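A.B. asks: I would like to see how this sequence folds:
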Amino acid sequence: PTASGFSAANLSGNYAFEFSGRDFLAAPAVLAGVVHADGTGTFSPGTADFNDASVYSSQLSLTGTFFTVSSVEGRASVVFQPPTGASMTLTFDFNFVSPQDILFMEVDTGTSTSPFPRLSGEMLLQDSSTQFNQSVLLGSGVVTGTGLDSTNSTVFAGILASTLGDGNATLSYTQNDAGTVTANSLSGTYQVLQNGRVGFTNLGSRLAAAYLTGPNQGFIIGSDAAVTYGRLEQQTGAPYSASSIQGSYALFAPKVADTDVTNMTGQVDSTGAGAFSGTLDEFIPPSSPSMDLSLSGSYTVAPDGSGMLTTNRPTGFPANLVLYVVSPSSVRMIPTDPGLGDPQPQVIFLNH
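C.D. replies: Residues are numbered from 1 along each chain as shown. Now for the predicted structure:
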C-alpha cells in the first residue's frame with residue numbers, strides 16, 4: 001500500500017477494471033468494464049463486457065456494493081445479467097494499493113447447483129481530467145493480449161494507432177498462437193463512449209473492446225474463442241531507437257494463460273547501445289527451478305517503437321522475441337520461436 005488507513009471513502013470515482021480467470025468448467029472467462037464508486041458503499045450502474053468460453057456479451061449493466069473490513073482490505077459484490085444465462089452475483093475481496101489502484105480476487109464458494117467462475121484482477125481510477133471521446137485514442141499505444149487456445153496459451157503484441165483521433169485506427173501486431181507466429185496489419189474504426197468504453201470494428205476478434213483509464217491506456221477484451229484479455233498502454237518518448245532501452249529493468253511475465261508456462265523473474269541492464277545482460281530465475285513445470293541463469297542479448301528498435309531481440313536462450317527462455325517500447329521505462333515482448341516446439345508463449349514485461 002502507498003499509505004494506510006483506507007476506508008470506503010477512498011473507493012470513490014469512476015474505475016475501469018478487468019477480472020480474468022476460469023469458469024466453473026475450467027474454461028477461460030474475462031469480465032471487463034467501468035463502474036462508479038460513490039465512496040459510501042455503492043457501485044452505481046456501470047457497463048461490463050463478459051467473455052465466457054467464447055460466448056461474448058457486450059455492454060451489460062453492472063451494479064454492486066462494497067465495504068472495508070480493515071485499513072487496507074475490503075469486500076465487494078457485483079451483479080450483472082448475461083443474455084445467455086441467469087443473473088450473476090460475484091463476491092470479491094479487495095486490497096488497496098492506493099485509492100487509484102485496487103486488486104480484486106473472487107471468493108465465492110461454488111457448488112454443483114450454484115457454480116461460480118474464479119476471477120481476479122485490477123480496478124484503476126479513471127483520469128478525471130480526460131474527456132472520453134474519439135480524440136482519446138489520438139496517437140499510439142502498445143497493446144498486449146493473452147488467451148488460451150485449447151490447452152495452450154496464445155499471445156499478441158503490437159501498436160494501435162490513430163493518426164487523427166477521428167474514429168479510424170490501425171493495428172499492427174505479432175501473434176504467437178501456441179507456437180505459430182504471424183505478423184498482422186489491420187485497419188478499422190472505433191467508437192468511444194463517455195464512460196471510457198471503446199468498441200472496435202475490423203481490428204480482429206482479439207481486440208473487441210477496451211475500457212480506458214486515460215488517453216490510449218486501459219484494459220482490452222476480445223470476443224474470440226481464446227478469451228483474450230490484456231492492456232493498452234500509451235506510448236511516450238517517440239521517436240524511438242536503441243537508446244530508448246537504457247538502464248536497469250525488472251523482467252517478469254504476469255499474464256498466465258495455462259499451467260505449463262514458464263514462471264520467470266529477472267533483472268537486466270542496458271547501456272542503450274543495442275545490448276543487455278542480466279540474471280534470470282525460472283521454474284518450468286513440472287521440473288525444479290533454474291536459478292541465477294545468465295541472460296544476455298542484442299536488440300534493435302525502429303522509430304515507431306517496434307523491434308527485435310535475440311538472446312543466448314537460457315533454459316526455458318526464448319531465443320528470439322519481438323518487442324514494443326511503451327516508454328523508456330516500459331517494454332513489452334513476446335517470443336517468436338515457431339520451430340522450438342514451445343506451445344506456451346507469454347507476454348514478457350520489462351519495467352523500471
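
A.B. asks: CA atoms for contacts and neighbours, from now on please.
C.D. replies: Noted.

A.B. asks: Who does the nearest residue to Thr68 once chain neighbours are set aside form a beta bridge with?
C.D. replies: Once flanking residues are discounted, Thr68 sits nearest to Gly74: 3.8 Å by C-alpha to C-alpha, 6 or more residues apart in numbering. When bridges are called by DSSP bridges, Gly74 pairs up with Thr68, Phe94.

A.B. asks: And the helices in the chain?
C.D. replies: Using DSSP state H, no helices are found in the chain.

A.B. asks: Spatially central, which residue of it would that be?
C.D. replies: Gly230 (2.4 Å; C-alpha atoms, centre = their mean).

A.B. asks: Pretty sure that residue sits against Thr146.
C.D. replies: Yes. Between Gly230 and Thr146 there is a contact at 6.2 Å, judged by C-alpha atoms under 8 Å.

A.B. asks: re earlier: residues contacting the residue nearest to the centre of the chain?
C.D. replies: When contacts are counted by C-alpha atoms under 8 Å, 6 or more residues apart in numbering, Gly230 touches Val143, Thr144, Gly145, Thr146, Phe219, Ile220, Ile221.

A.B. asks: For these, please prepare TSV with the additional fields distance to Ala27, neighbour count and pLDDT.
C.D. replies: As requested, the contacts of Gly230 are exported to TSV (distance: C-alpha to C-alpha, whole Å; neighbours: other C-alpha atoms under 10 Å; pLDDT from 0 to 100):
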residue	distance to Ala27	neighbour count	pLDDT
Val143	24	28	98
Thr144	21	31	98
Gly145	17	25	97
Thr146	14	28	97
Phe219	21	28	98
Ile220	19	26	98
Ile221	16	30	98
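
A.B. asks: just checking, which of those belong to strands?
C.D. replies: Val143, Thr144, Gly145, Thr146, Phe219, Ile220, Ile221 (DSSP state E).

A.B. asks: Out of the residues you listed, which is nearest to Ser129?
C.D. replies: Ser129 lies nearest to Phe219 out of the ones in strands among the contacts of Gly230, by C-alpha to C-alpha, at 18.5 Å.

A.B. asks: Which residue is the nearest non-sequential neighbour of the closest one?
C.D. replies: Phe219 sits nearest to Arg231 (C-alpha to C-alpha, 6+ apart), 4.6 Å away.

A.B. asks: out of the contacts of Gly230, who's nearest Val256?
C.D. replies: Thr146 (7.6 Å).

A.B. asks: My guess is Gly121 contacts Ala16. True?
C.D. replies: No. Here Gly121 lies out of contact with Ala16, judged by C-alpha under 8 Å, at a distance of 11.0 Å.

A.B. asks: Who has more neighbours out of the two?
C.D. replies: Ala16 (27 against 18; other C-alpha atoms under 10 Å).

A.B. asks: Retrieve the pLDDT associated with the residue nearest to Pro318 when sequence neighbours are not counted.
C.D. replies: Among residues not flanking Pro318 along the chain, Pro335 sits closest, at 5.7 Å (C-alpha to C-alpha, 6+ apart). Looking at Pro335, its pLDDT is 95.

A.B. asks: cool, and Pro83?
C.D. replies: 84.

A.B. asks: Same question for the one 4 residues further on.
C.D. replies: The predicted local confidence for Ser87 comes out at a pLDDT of 87.

A.B. asks: Near it, how many other residues are there?
C.D. replies: The tally of other residues near Ser87 (other C-alpha under 10 Å) stands at 11.

A.B. asks: what sits against the closest residue to it other than its chain neighbours?
C.D. replies: Spatial nearest neighbour of Ser87, excluding adjacent residues (C-alpha to C-alpha, 6+ apart): Gln81 at 4.3 Å. Applying C-alpha under 8 Å, 6+ apart to Gln81 gives the contacts Leu60, Ser61, Leu62, Ser87, Met88.

A.B. asks: And Leu293, by the same measure?
C.D. replies: Thr279, Leu280, Asp281, Pro314 are the contacts of Leu293 under C-alpha under 8 Å, 6+ apart.

A.B. asks: swap in Gly272?
C.D. replies: Ala242, Ser243, Ser244, Ile245, Gln246, Gly247 are the contacts of Gly272 under C-alpha under 8 Å, 6+ apart.

A.B. asks: Okay then, goodbye and thanks.
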